[in-house]
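In: after the sequence you'll find the predicted model.
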Amino acid sequence: MQNNLADLEKNTLDKLTSINNTQELSELRTQLLGRNGELTQILRSIGDLDANERKLAGQVSNALKKKLEQVLDQKNTDLVSAQLANLESLDVSLPGKYKPIGRLHPITQTLRHILDVLRRLGFTVVEGPEVELSAYNFDKLRIPENHPARDMWDTFWIDKEDESMLLRTHTSPMQIRYMETHEPPIRVAVPGRCYRYEATDMTHEWMLQQVELLAIDKGISLADLKGTLHEFARQIFGSDSEVMLRNSYFPFVEPGVELAVKFRGKWLEIMGAGMVHPEIIENAGYDSSVYTGFAAGMGIERIAMAVYEVDDIRHFYTNDLRFLSQF
Ligand code: DAH
């Protein structure tokens, strides 16, 4: 029996040296001292011994049990403090992994601001197709066959031979589409991309974004147009902004005007506008002696250039983060 105990002690101490986590340690403890543990079984068998052997065997085995328990406890303490020391070597003051946060493109920011202002002025936002029929882009807007805007230099035709479809050159075709499918009163704002076949320079891009306005109702006058645009300018350019309506010509409005805003001391033209031509109102199926309205079309890049003081429109679409991350 004493040999058994000596072997058990030696084996246990051997095993202990190779244990390096608390899970293994607790398995070893169970093997030894659990309900069916090796030492537990030895202790249990003491009862079967002769009375004279029993006493000594009891003392020796209990002493071993105590000793092993102490050794196991000590090992447990060592393992736990080693784990803690490991944890403490994690320096929480070190910088984390850098993940750049994206942001909205300056044109998107400007567009959203413009649409917020227009919604508050009572306009509903709707969108139209970017690939448009030339009937809507030109004819129904009274832009005749020989008008320079139709020139292949201005227009991306889907099929150059047939010229019936194109990438829209402005958002105005939605005036017609919306009037054809809705009854007055109408108050819509139409944002969208437009395309023009042109060489780019500081103020021209082959793709641009516009917002079209259309208001049709009984008794709308030029005063409503002016009031709406003035309020719009105050919201975008500041409450002290001045606006100027200048005579202009667009085939689909009569009279046609251009709106300039005085911003940082300079007059900037930011949109074309006018009273919707009576012929267009009649073509949409309304009586032009009852219904009148105004339309306007603005270039978003132009407005963004003024607001952010950007001198070259091409910056917006070259995807240079040094530029874009300033907004
Ligand atoms: N569609 C015109 C353009 O792209 C801008 C425009 C002018 C829109 C007058 C209008 C308007 O609604 O009334 O140049």
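Out: Nice, I can see it.

In: use CA for all of it now, contacts and neighbours both
Out: Noted.

In: CA atoms only for stretch 306-326, dumped as CSV, please.
Out: The C-alpha trace of stretch 306-326 is given here as CSV (Å, rounded to 0.1, in the frame of the first residue of the first chain):
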residue,chain,number,x,y,z
ALA,A,306,-20.8,78.8,-55.4
VAL,A,307,-21.7,77.6,-51.9
TYR,A,308,-18.4,75.7,-51.4
GLU,A,309,-16.2,78.1,-53.5
VAL,A,310,-15.0,75.4,-55.9
ASP,A,311,-13.5,76.9,-59.0
ASP,A,312,-13.5,73.8,-61.3
ILE,A,313,-16.5,71.6,-61.8
ARG,A,314,-14.3,68.6,-62.7
HIS,A,315,-13.2,68.3,-59.1
PHE,A,316,-16.5,66.9,-58.3
TYR,A,317,-16.1,63.8,-60.5
THR,A,318,-12.5,63.0,-60.4
ASN,A,319,-12.9,61.0,-57.1
ASP,A,320,-9.8,62.5,-55.4
LEU,A,321,-10.2,62.0,-51.7
ARG,A,322,-8.0,65.0,-50.9
PHE,A,323,-10.8,67.1,-52.5
LEU,A,324,-13.8,65.0,-51.4
SER,A,325,-12.8,64.7,-47.7
GLN,A,326,-13.0,68.5,-47.3
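
In: spell out which parts of the chain neighbour the ligand.
Out: 170, 172, 212, 250, 253, 272-274, 295-297 (C-alpha under 6 Å from any ligand atom).

In: could you dump these into a markdown table and include neighbour count, pLDDT and secondary structure?
Out: Formatted as a markdown table, those follow (neighbours: other C-alpha atoms under 10 Å; pLDDT from 0 to 100; DSSP: H, G, I helix; E, B strand; the rest coil):
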| residue | neighbour count | pLDDT | secondary structure |
| --- | --- | --- | --- |
| 170 | 24 | 96 | coil |
| 172 | 24 | 97 | coil |
| 212 | 26 | 98 | strand |
| 250 | 17 | 94 | coil |
| 253 | 24 | 97 | strand |
| 272 | 23 | 97 | strand |
| 273 | 30 | 98 | strand |
| 274 | 27 | 98 | strand |
| 295 | 24 | 98 | strand |
| 296 | 26 | 98 | strand |
| 297 | 23 | 98 | strand |
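
In: go through those and name the one nearest residue 29.
Out: residue 212 (80.8 Å; C-alpha to C-alpha).

In: in contact with the closest one, which residues?
Out: Listed by C-alpha atoms under 8 Å, 6 or more residues apart in numbering, the contact partners of residue 212 are 171-172, 188-191, 295-298.

In: could you redo the last one with a cut-off of 10 Å?
Out: With contacts defined as C-alpha atoms under 10 Å, 6 or more residues apart in numbering, the neighbours of residue 212 are 125-127, 170-175, 188-192, 271-273, 295-299.

In: do a quick rundown of the strands in the stretch 151-300 of the chain.
Out: Secondary structure of the stretch 151-300 of the chain (DSSP state E, counting those that start in this stretch): strands at 165-167, 186-195, 207-218, 242-248, 253-263, 266-276, 291-299.
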